[in-house]
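Colleague: coords below, sequence missing:
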């Protein structure tokens, strides 16, 4: 089949958007082709214009403050490329916005690991990263990269940090000894009825119900028992929080005295002097976060930004600021004492001490379980 | 032969309403039509749907009692809120109308002042008032009136209170506008014929202000029943309304076809109430109330 010049340029454009071509190569080829045949594609003016900003969307709060301070500001100072930032409380919210926007409106997402990666892949929202443009990926923990590569051999995201959703408790009400003894069962302790909280998220609720019923969260056998436990927690709960800021507000104001909580947010509360304790019970829910580049983004600039963020000095500063361990392999990069003391930190670099959700298993059940959880959360 | 334009030419009327008509078509009718079409799309998995037509979403809505229960609960909360707005809003409106205070405009301005602050921030402020460490609980605890904080937040009462806070000005303005339209000589006439103040109010003022009250009730009911932010911030999961259900279906389950179905249902139900009102009361009352 003979291709027209227009078609060739369209394909070239697609390859650039997918990350197969560097921006420089793309512009060179486009300019050469345009000069040769006198074409002016609709996107050409936009492509030829210098990229002056990159769009980033993250979780806001202390986490994004740290990224902004230790990564974005130095990156802008170095490259003159501004990082325009947005925030979301729930990643499904940003996926909805991306679906309704045109490619390129949203570019880099601080995404919640493999479970969400599947949603982007299913929705056709992912790009293809040119890993040669991110040399600092060599320091990233291989066990964190592997699950992504299983889903898409050509990556669209780079792991950036990880943490756990453990149990946070008010030490004025619950002693560390009691917390250690009861572990995840604290969320079901009738003594704290009306003072219990929890993340308003299906995965977290089902995970903790699995621990309470003694089931393997990655191979659930008795779903009726799971939903019964979810209902039990719901009936004891005062409020299911839906953002890190809300979690910190509820805990710091004493509205709730025990909840499952994100390790980094609890560390931030502890730094502020609040009487909050934290423990990771056996089988605690571990998760990782990644920097995801969406389809239609200026790949070279986004890759450059992520490479900058993965630079050990930057990554360590961000990790200390946001209180989540970085994705850097501690056997390759010397991390600080502060990071080594962070909850969930894995000094071996194997991640074997942490229990992550099996992305394929959870993705298979996601739709039905989310629907059921939404109903239970509303009293069903 | 071409007809010449006249002052009250229907063509001129069409020309004048054309811009508004186009705006309505593009920004109201068309989006609703697209959403209606979406209700027949097929949900594949979170965030993915196909245009293969199906009635599965409507079947699920019509056969699953969960949705009907939610709808009834939403209508109940909307009705309670509207009635409370009516009871609590009538008296301030009457006071503003009846007062001889020469700077009456100042009282009306006070009604509008809350709109200068973000609705979300106004709603959030209730957390600092009703919370366990909020103003009320702390004051009562310090005064020794209570020994344990009162559970005033994250329940249906808090949701209704938050909506009252938001909707009361709409009710007051509606009633006030209706009262302003009353010919005061009718009240004087009633008094001169032997009515007491209370009788004059009951026999003349109240009946003549009813259209404004009814318009306010409808407006408050529709806005309360369609509310999303207030139940999200001040209620627990159990206090969610139909709007929250739509949000969770679209944003949480990423199930747009079902979310569109629920949206169309809410639109039809609230539209039905508005249509009944228009049939018996006339929409002009609402327009008057909103326009001042």
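Modeller: Here it is on my side, so go on. Computed from a predicted structure; not experimentally measured. Numbers count the residues shown, from 1 in each chain, chains lettered A, B, ... in the order given.
Colleague: buried ones in the strand or helix carrying residue B:138?
Modeller: Using DSSP states H and E, residue B:138 falls within helix B:135-142. Residues B:137, B:141 are the ones in helix B:135-142 that count as buried (16 or more other Cβ atoms under 10 Å in any protein chain shown). Every C-beta, even on glycine, is put in place using the N, C-alpha and C of the backbone.
Colleague: same thing with stretch A:99-106?
Modeller: Neighbour-count burial for stretch A:99-106, counted by 16+ other Cβ under 10 Å, picks out residue A:106.
Colleague: coming back round to it: for the helix holding residue B:138, packing partners?
Modeller: Other elements packing on helix B:135-142 under the criterion 3 or more Cβ pairs under 8 Å, 6 or more residues apart in numbering or on different chains; DSSP states H and E are helix B:119-130.
Colleague: remind me which residues of chain A are low pLDDT?
Modeller: A:1-49 (pLDDT under 70).
Colleague: Kindly calculate the angle that the helix or strand that the helix holding residue B:138 is followed by makes with helix B:119-130.
Modeller: Sequence order places helix B:156-180 as the next helix or strand after helix B:135-142, per DSSP H and E. Calculated by axes from the mean of the first three to the mean of the last three Cα atoms, to 10 degrees, helix B:156-180 forms an angle of 120 degrees with helix B:119-130.
Colleague: Which helix or strand contains residue A:374?
Modeller: Counting by DSSP H and E, residue A:374 is part of helix A:359-377.
Colleague: Using neighbour counts, pick out the buried residues of that helix.
Modeller: Burial within helix A:359-377, assessed by neighbour count using 16+ other Cβ under 10 Å, is assigned to A:359, A:362-363, A:366-367, A:369-377.
Colleague: What about contact with chain B: does it have any residue there?
Modeller: Yes. Residues of helix A:359-377 are located near chain B by Cβ under 8 Å from any Cβ of the partner chain, namely A:366, A:367, A:370, A:371, A:374, A:375, A:377.
Colleague: so who does residue 82 touch?
Modeller: You didn't say which chain, so I picked chain A. For residue A:82, the contact set (Cβ atoms under 8 Å, 6 or more residues apart in numbering or on different chains) comprises A:52, A:53, A:54, A:76.
Colleague: hmm, I had chain B in mind actually
Modeller: Neighbouring residues of residue B:82 by Cβ under 8 Å, 6+ apart: B:167, B:216, B:217, B:218, B:220, B:221, B:224.
Colleague: wait, what's in contact with the fourth one?
Modeller: Contact partners of residue B:218, counting by Cβ under 8 Å, 6+ apart, are B:82, B:273, B:274, B:277, B:281, B:286.
Colleague: again, only using 6 Å
Modeller: With contact set as Cβ atoms under 6 Å, 6 or more residues apart in numbering or on different chains, residue B:218 has these partners: residue B:277.
Colleague: ok, the residues of helix A:359-377 next to chain B vs chain B, which is closest?
Modeller: residue A:377 (3.9 Å; Cβ to the nearest Cβ).
Colleague: Residues of chain A that sit close to chain B?
Modeller: Contacts of chain A with chain B, taken as Cβ under 6 Å from any Cβ of the partner chain, map to A:92-93, A:95-96, A:119, A:122-123, A:238-240, A:253-255, A:366-367, A:370-371, A:374, A:377-379.
Colleague: Could you pick out the buried ones from these?
Modeller: The neighbour-count criterion (16+ other Cβ under 10 Å) marks A:92-93, A:95-96, A:119, A:122-123, A:238-240, A:254-255, A:366-367, A:370-371, A:374, A:377-379 among the residues of chain A next to chain B as buried.
Colleague: Point to the residue nearest the middle of chain B.
Modeller: residue B:223 (2.0 Å; Cα atoms, centre = their mean).
Colleague: Also chain A?
Modeller: Per Cα atoms, centre = their mean, the C-alpha nearest to the average position across chain A is that of residue A:112, at 2.5 Å.
Colleague: Against residue A:263, how distant is that residue?
Modeller: For residue A:112, the distance to residue A:263 equals 14 Å [Cβ to Cβ, to the nearest Å].
Colleague: same check, this time on residue B:126
Modeller: Separation of residue B:126 from residue A:263 (Cβ to Cβ): 30 Å.
Colleague: More neighbours: those two, which one.
Modeller: Comparing residue B:126 with residue A:263 by other Cβ atoms under 10 Å in any protein chain shown, the one with more neighbours is residue A:263, at 25 against 20.
Colleague: Leaving out the residues flanking it, which one is nearest to the residue nearest to the centre of chain B?
Modeller: residue B:167 (5.9 Å; Cβ to Cβ, 6 or more residues apart in numbering or on different chains).
Colleague: if I read this right, the one you found contacts residue B:219, doesn't it?
Modeller: No. With contact defined as Cβ atoms under 6 Å, residue B:167 does not reach residue B:219; the gap is 7.8 Å.
Colleague: quick one: low-confidence parts of chain B?
Modeller: Counting by pLDDT under 70, chain B has low-confidence residues at B:1-3, B:282-292.
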